[in-house]
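Q: Sharing a sequence plus its predicted fold:
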Amino acid sequence: MRKKICIIYTGGTIGMVPGENGYVPSKSRLEDSLTGIGDLFKPGMPALEVIQFDPLLDSSNVSVPEWNKIGKTIADNYEKYDGFVVLHGTDTMSYSASALSFMLENLEKPVVFTGAQIPLCEIRSDGYSNIVSSVVIASEGNVKEVCIYFDGKLIRGCRSTKISSDRFAAFASPNFGLLADVGITVEYHDRGGLPKKNGDFKYTAFEEVPVGIIKMFPGIQIRLFESIMTKQLKGVVLETFGAGNIPSGSAGEIIPIIEKAYENGTLIVVCSQCIQGTVTLGTYETSKSLMDIGAVTGNDMTTEAALTKLIYLFSCHYPIDRIRKLMTENLRGEIG
Ligand code: ASP
């Protein structure tokens, strides 16, 4: 039987047109462009239906409510389609793909995020090939998880990060192999790393959990951040140097402030500023102190995955000890 794919158009460069103050999303432009992509309608291609968000957004304006909207749209239409393609701006696509990885549990169908660096209305747009390949991948059904397809690469959503603002190869998966290389053929790689499914498909709406990201830098005056470290703050991703190191010398006022955050009940997750590699707390004296005061290791998670995992776990209302434990465990292939 002919497969059926749902295209969820949220906005982003792919469907943008020049406006008075720069590119803005356009409803009609995308519709026109899609009907103009001959490959989408060739024999062997699935039937397509488009669900268009209103308003369409630059992904800089996408956050928890929009993640929920994407998740709910997929949940409401889960049985109706064989797979989903989410057209989304590239700027925060890795956050959204990570969020949706946690939000959608026990997925048995592909959810493929894609977009473009050049709008479809301009010459040399990468949007055509990104859409066509994403639809093919969604209909083939080999990858039953949230992923990003971009410029020949299929990437696990919760392992993705945006690495370029001006190259077609905008995304990378620095700590995990590609799910597929797309050239003349689509070559899937069975990378594993996904925990066993433990029930039926489930959608969990996120709440607007107060969380943050603090990036270490030489000379950081952590006192300036103290005012945000209140009891209200549920979790912080610390982007540390190398394998999890923070300044501990004369500028080392960081530990007491983090200790206070811990006492306030704020969960501190340690990630690395390095694009590739893993956090190993305790390798250096400058990271041991973090371990001693109850920070948890983000291991090889991206900042995007760590942040959205925190929001997900707090939205599940688990007790803090369980959240602390789950942060270091593999839920969707995001870690380890
Ligand atoms: N600012 C755009 C967005 O994220 C960039 C893009 O789509 O490439 O919506």
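A: Good, I have the coordinates. Source: prediction; values computed, not measured. Numbers count the residues shown, from 1 in each chain.
Q: Could you find the residue in the stretch 201-336 of the chain that comes nearest to the ligand?
A: The nearest approach of the stretch 201-336 of the chain to the ligand comes at residue 304, 13.8 Å away (Cβ to the nearest ligand atom). To be clear about C-beta, it is placed using only N, CA and C from the backbone, and glycine gets the same treatment.
Q: secondary structure class for that residue?
A: Secondary structure, DSSP: H, G, I helix; E, B strand; the rest coil: residue 304 is helix.
Q: dump the residue contacts of it.
A: Taking Cβ atoms under 8 Å, 6 or more residues apart in numbering as the criterion, residue 304 is in contact with 94-95, 98, 158, 160-161.
Q: Now do residue 35, the pLDDT please.
A: Looking at residue 35, its pLDDT is 91.
Q: How far off centre is the longest strand seen in the chain?
A: Ranked by residue count and defined by DSSP state E, the top strand of the chain is strand 47-57. From the chain centre to the centre of strand 47-57 is a distance of 20 Å (Cα atoms, centre = their mean, to the nearest Å).
Q: is any part of that strand close to the ligand?
A: No. Applying Cβ under 6 Å from any ligand atom, one finds strand 47-57 separated from the ligand by no less than 7.0 Å.
Q: Could I get the average pLDDT for that strand?
A: For strand 47-57, the mean per-residue pLDDT is 96.
Q: now swap in stretch 158-178 and tell me
A: 98.
Q: How about stretch 132-139?
A: For stretch 132-139, the mean pLDDT works out to 98.
Q: residue in the stretch 51-200 of the chain nearest to the ligand?
A: residue 89 (1.9 Å).
Q: and that residue, what pLDDT?
A: pLDDT, residue 89: 98.
Q: returning to that earlier point: how near is the residue of the stretch 201-336 of the chain closest to the ligand to residue 223?
A: Using Cβ to Cβ, to the nearest Å, residue 304 is found at 28 Å from residue 223.
Q: can you check residue 44 too?
A: Counting by Cβ to Cβ, the gap from residue 44 to residue 223 is 62 Å.
Q: Before I go, just wanted to say thanks for your time.
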